[in-house]
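**Q** A structural model of the following input is requested.
(chains A and B)
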Protein chains: 2
Amino acid sequence: MTTEKVEIDTSTLNGKTDEEDIVTPWDVATKNETGIDYDKLIKRFGSSKIDGELLTRFEKITGQKPHHFLRRGIFFSHRDMNTILNFYEKGKPFYLYTGRGPSSDSLHLGHLVPFIFCKWLQEVFHVPLIIQLSDDEKAIWKNLKIEDAIKLSYNNAKDIIALGFKPENTFIFSNLEHVGNNPAFYQNIIRIQKSVTFNQVKGIFGFGDSDPIGKISFPAVQAAPAISGTFPFIFKDAKVHCLIPCAIDQDPYFRMMRDVAPRIGYPKPALLHSIFFPALQGSKTKMSSSDDKTAIFMTDTAKQIKNKINKHAFSGGQATIEEHRQLGGNCDIDISYQWLRFFLEDDEKLEQLRKGYTSGEILTGELKKELIEVLQPLVLAHQEAKNKLTDEIVKQYMIPRNLGFVTNIHRNTLSSEHK
Amino acid sequence: MTTEKVEIDTSTLNGKTDEEDIVTPWDVATKNETGIDYDKLIKRFGSSKIDGELLTRFEKITGQKPHHFLRRGIFFSHRDMNTILNFYEKGKPFYLYTGRGPSSDSLHLGHLVPFIFCKWLQEVFHVPLIIQLSDDEKAIWKNLKIEDAIKLSYNNAKDIIALGFKPENTFIFSNLEHVGNNPAFYQNIIRIQKSVTFNQVKGIFGFGDSDPIGKISFPAVQAAPAISGTFPFIFKDAKVHCLIPCAIDQDPYFRMMRDVAPRIGYPKPALLHSIFFPALQGSKTKMSSSDDKTAIFMTDTAKQIKNKINKHAFSGGQATIEEHRQLGGNCDIDISYQWLRFFLEDDEKLEQLRKGYTSGEILTGELKKELIEVLQPLVLAHQEAKNKLTDEIVKQYMIPRNLGFVTNIHRNTLSSEHK
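**A** Alright, predicted model coming up:
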């Protein structure tokens, strides 16, 4: 594998026409009212759709009903998920890697999506999870002071931990702290930076000559944790497969890394891609942490949640009650319904709401009420969990340490645990 | 100083005409038989000539006769050396920073020049010396394996230590090991990479679109040790002036850093530039560690030294003894004489040889004999010193540690020590 010569194919990545959706790690935009055309995106990025066959296989191998994010197409695309399942079936474990660019003091609901999913995957597969907080990226792109960027990492780490991750199998790190605390990390950054040209990152990420060199070199920093050699304190020298659940805008980093990994002796990372969590104002853009009224933050009060949804949630309903009863609502563009798809776990109830709203039986106000009732306790529970976390507890997750990883799961243990 | 907005001036750096000498960190070439035109280089780079006035001041402040590298114009150019002397005069110390890109198992004589000079400066000023081994650079440019590049660093460190540096005030590090072992280093790399664009490194270093991103981001790694904040274990949070002795081809890195440093709250590093140590075959190119017969290596035997010099040292003499007696030799192009300028410390003797060779009284063979007699014991002493160094001793120098640096030298101590 190490001698394989792979040219990074940038032909389909940045060469979009004017009518195509814009999807980069820094910019997501579409002209469609129903949001990004994800089927087109799968074609453009060259990934694979998550279909019924894959989910059936997933259930067969894990003995678990696929998460509603999978059943409802919220995680809709993948790369090499079958390879991961093949390996797992043979008793060979993998690890999960995801991350976030800490940009504000509090996370919003959209930020939770990859983490909620990772937690579930972790519970299904019993594998370590590695979470990168790319505060170096934020320092460069947002021109933040290094010290301030690191603070954001710690604040965001608390929100992430509040979702219930366990220190036994979760390692969270700030790049600005951890690169300088792990020689293997810097060495892998150099291995990657040796293998990728400016032309390639220009094609993949759209960088230009007037960009700071920090932007140009950053992709290697986000890519390096996708090979197990970056974490010798967890994996020793084992070459372990990596599975990366993330929103699809992060795919360019790992598309790049999938070309580099075999050249430096590692398996290509596999991916599970999610759609974007829409803003309260509608599906045309991604929710923004810099515009307070586009999102529900994990610090919002029950009253704020109620007011924001009632005031701003884009409605798929008709202009008058009479018309709505007659014509029905449009779930595809109604934000309350769309958000319920993410956070209402009960499939039957969701289907009732969909039918009722589409037929006109249920009004937008009633749908909003359902959403408020789902989100208020969810956010409150999060706040309570977060309040229990001291700085000391957060630090525990951020210490480089052995996570008890073993390279072979005993088949019997696996069967008995998972059935 | 931190609010100063400085644009990096690249106009004079890469915009050379065909007739100009090529001087970059990776390429040095000239068409002149007497070597690089250093006066032109000073103008092009915008540095200052080391003149009699500066040396008089140097002697007055330090109480030491300037090193023969200074007296003979081997270190011929500087940036802000007066600032360093001003500070030192006021009892404020600085630190020395130099480095090398480890490229072969053994150093050659030319490699010793900055280190011999640093050792002398260190003894005159009683200041810490920091030595970077840029094995990451070598891994990228020479496409070396990371592990092999680190090995080169350790081998080269042994050669450097053999010159007599003391662990009390000398810190030597491999980038590939140390960036991942010092969070402040990575954080300063990011601070620099935030502040410099691709256009700027293109102008300064001549990078192109097909270069790997590791090359594009590397200048920040060589520049970061020029601010004291990169070494909190030595300087705590003091903003200490830095003086960098190096061959002039390394100036581009620090020219870049002199623009960035004030923007991130640090003084501009000062520099002392040396001319290049010529190859045995003549002054047209720099000595190369990849061509065995162009250089005397520190591993060469007395016999090899004798044979190489007798066989390859470019002669400034005439075609026949008769012509030589009549017309005299040319010291400017005679390599034995040029090398004696570096390594024969006795000024009177050197002057005798110059006069004798110029007048034709001394033949090339006799000059070669003088050089052989200077170099054989020098190389042997180096080998003996190196043989005494165990891997354990080398490691001592490479441990990040407090070097007992204090930000104020007591004036009386200074005077009594130095007079």
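**Q** and chain A, which residues reach chain B?
**A** A:136, A:139-140, A:143, A:146, A:176-177, A:179-187, A:190-191, A:193-199, A:201-202, A:207-214, A:216-217, A:219-220 (CB under 8 Å from any CB of the partner chain). Every C-beta, even on glycine, is put in place using the N, C-alpha and C of the backbone.
**Q** at 7 Å instead, please
**A** A:136, A:139-140, A:146, A:176-177, A:179-187, A:190-191, A:193-199, A:201-202, A:209-214, A:216-217, A:220 (CB under 7 Å from any CB of the partner chain).
**Q** Give the PyMOL command for selecting the buried subset of those.
**A** Applying 16 or more other CB atoms under 10 Å in any protein chain shown to these, the buried members can be selected in PyMOL as follows:
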select buried, chain A and resi 136+139+140+146+176+177+179+180+181+182+183+184+185+186+187+190+191+193+194+195+196+197+198+199+201+202+211+212+213+214+216+217+220
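**Q** Keep only those of the residues of chain A next to chain B that are in helices.
**A** Counted as lying in helices by DSSP state H, out of the residues of chain A next to chain B, are A:136, A:139-140, A:146, A:176-177, A:183-187, A:190-191, A:193-195, A:198-199, A:201-202, A:213-214, A:216-217, A:220.
**Q** which is the next helix or strand following the longest helix seen in chain A?
**A** Counting residues, the longest helix found in chain A (DSSP H) is helix A:364-387. Downstream of helix A:364-387, the first helix or strand assigned by DSSP states H and E is helix A:391-397.
**Q** now that following helix, how far from the centre of its chain.
**A** Centre-to-centre, helix A:391-397 and its host chain are 23 Å apart (CA atoms, centre = their mean, to the nearest Å).
**Q** How about residues contacting that helix?
**A** Residues from elsewhere that reach helix A:391-397, judged by CB atoms under 7 Å, 6 or more residues apart in numbering or on different chains: A:Y154, A:A157, A:K158, A:I161, A:P167, A:T170, A:F171, A:I172.
**Q** Surely the third one and A:A385 touch.
**A** No - if you go by CB atoms under 7 Å, A:K158 and A:A385 don't touch, sitting 9.7 Å apart.
**Q** Please say which of the two ends up with more neighbours.
**A** Neighbours were counted for A:K158 and for A:A385 using other CB atoms under 10 Å in any protein chain shown; A:K158 has more, 22 against 15.
**Q** Can you say which helix or strand has that one in it?
**A** Applying DSSP H and E, one finds A:K158 within helix A:146-161.
**Q** Check which helices and strands that helix is in contact with.
**A** Where contact means 3 or more CB pairs under 7 Å, 6 or more residues apart in numbering or on different chains; DSSP states H and E, helix A:146-161 is packed against strand A:129-133, helix A:135-141, strand A:170-174, helix A:175-178, helix A:391-397, helix B:183-195.
**Q** cutoff 8 Å now
**A** Applying 3 or more CB pairs under 8 Å, 6 or more residues apart in numbering or on different chains; DSSP states H and E, one finds that helix A:146-161 contacts strand A:129-133, helix A:135-141, strand A:170-174, helix A:175-178, helix A:364-387, helix A:391-397, helix B:183-195.
**Q** three-state assignment of the nearest residue to A:R354 once chain neighbours are set aside?
**A** Spatial nearest neighbour of A:R354, chain neighbours left out: A:C331 (5.4 Å); criterion: CB to CB, 6 or more residues apart in numbering or on different chains. Put simply, A:C331 is coil when judged by DSSP: H, G, I helix; E, B strand; the rest coil.
**Q** tell me the contacts of A:C331?
**A** When contacts are counted by CB atoms under 8 Å, 6 or more residues apart in numbering or on different chains, A:C331 is found next to A:G316, A:Y337, A:Q338, A:R354, A:Y357, A:T358.
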